[in-house]
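[1] need coordinates for the below:
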Amino acid sequence: MKCPYCNEDNTKVIDSRPAEENSAIRRRRQCESCGKRFTTYEKLETMPLMVVKKDGTREVYDRSKIEAGILRSCHKRPVSPQQIDVLINEVESDVFNLEEKEVATSVIGELVMAGLKELDEVAYVRFASVYREFKDVNTFIDEIGKLLKK
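    Numbering: from 1, shown residues only. So this is what the prediction gives:
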């Protein structure tokens, strides 16, 4: 590690400790040439997860998009922020546990719908109406009929 002050290569680690909820290591270093101290962080390098959209374009996975969709679906429903957080974490965990470099939006959408179906059926129908692009009232009735059969 080069010293940020004198640009020498000779530095030693004085102290190491976990950082960022054990996802990184904080190292306190001292330059052996100039004696100045500085801090470095060591993190696991990961490949970004890419999401393949319906039109075939790809973009970097963005948790906030899942969160926004779920929040819109649960608007004015008896669903607590904690329940929403748990659902978002479950969906995100399921997506990353697939251990794929690319995941289709359809996979993410189905995971969200499955979670919403368990959480709140009205929120589920709201999300499904946008996600599945319901064209008319009959499509809504069909989806509600499926819910009532279960």
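[2] buried ones in the least confident helix or strand in the chain by mean pLDDT?
    The least trusted helix or strand in the chain, going by mean pLDDT, DSSP states H and E, turns out to be helix 137-149, with a mean of 80. Under the neighbour-count criterion of 16 or more other CB atoms under 10 Å, helix 137-149 has residue 143 buried. C-betas here are computed from N, CA, C, even on glycine.
[3] same thing with stretch 61-79?
    With burial defined by 16+ other CB under 10 Å, the residues of stretch 61-79 counted as buried are 61, 66-67, 69-70, 73-74, 79.
[4] residue 108: which of these is nearest?
    Checking those against residue 108 with CB to CB, the nearest one is residue 66 at 6.7 Å.
[5] are we agreed that the closest one is in a strand?
    No. According to DSSP: H, G, I helix; E, B strand; the rest coil, the state of residue 66 is helix, so it is not within a strand.
[6] in contact with it, which residues?
    Residues near residue 66 by CB atoms under 8 Å, 6 or more residues apart in numbering: 88, 91-92, 108, 112.
[7] looking at the residues you listed, which is nearest residue 51?
    Of the contacts of residue 66, the one sitting nearest to residue 51 (CB to CB) turns out to be residue 108, at 7.0 Å.
[8] need the contact partners of the least confident helix or strand of the chain.
    Residues outside helix 137-149 that contact it (CB under 8 Å, 6+ apart) are 117, 121, 124-125, 128-129, 132, 134.
[9] what's the answer for stretch 124-131, then?
    Taking CB under 8 Å, 6+ apart as the rule, stretch 124-131 contacts 69-70, 72-73, 109, 112-113, 116-117, 134, 139-140, 143-144, 147.
[10] hmm, 7 Å instead?
    If you take CB atoms under 7 Å, 6 or more residues apart in numbering as the criterion, stretch 124-131 is touched by 69, 73, 109, 112-113, 116-117, 140, 143-144.
[11] wait, what's in contact with the residue nearest the centre of the chain?
    Residue closest to the mean C-alpha point of the chain, counted by CA atoms, centre = their mean, is residue 63 at 3.6 Å. Residue 63 is in contact with 88, 92, counting by CB under 7 Å, 6+ apart.
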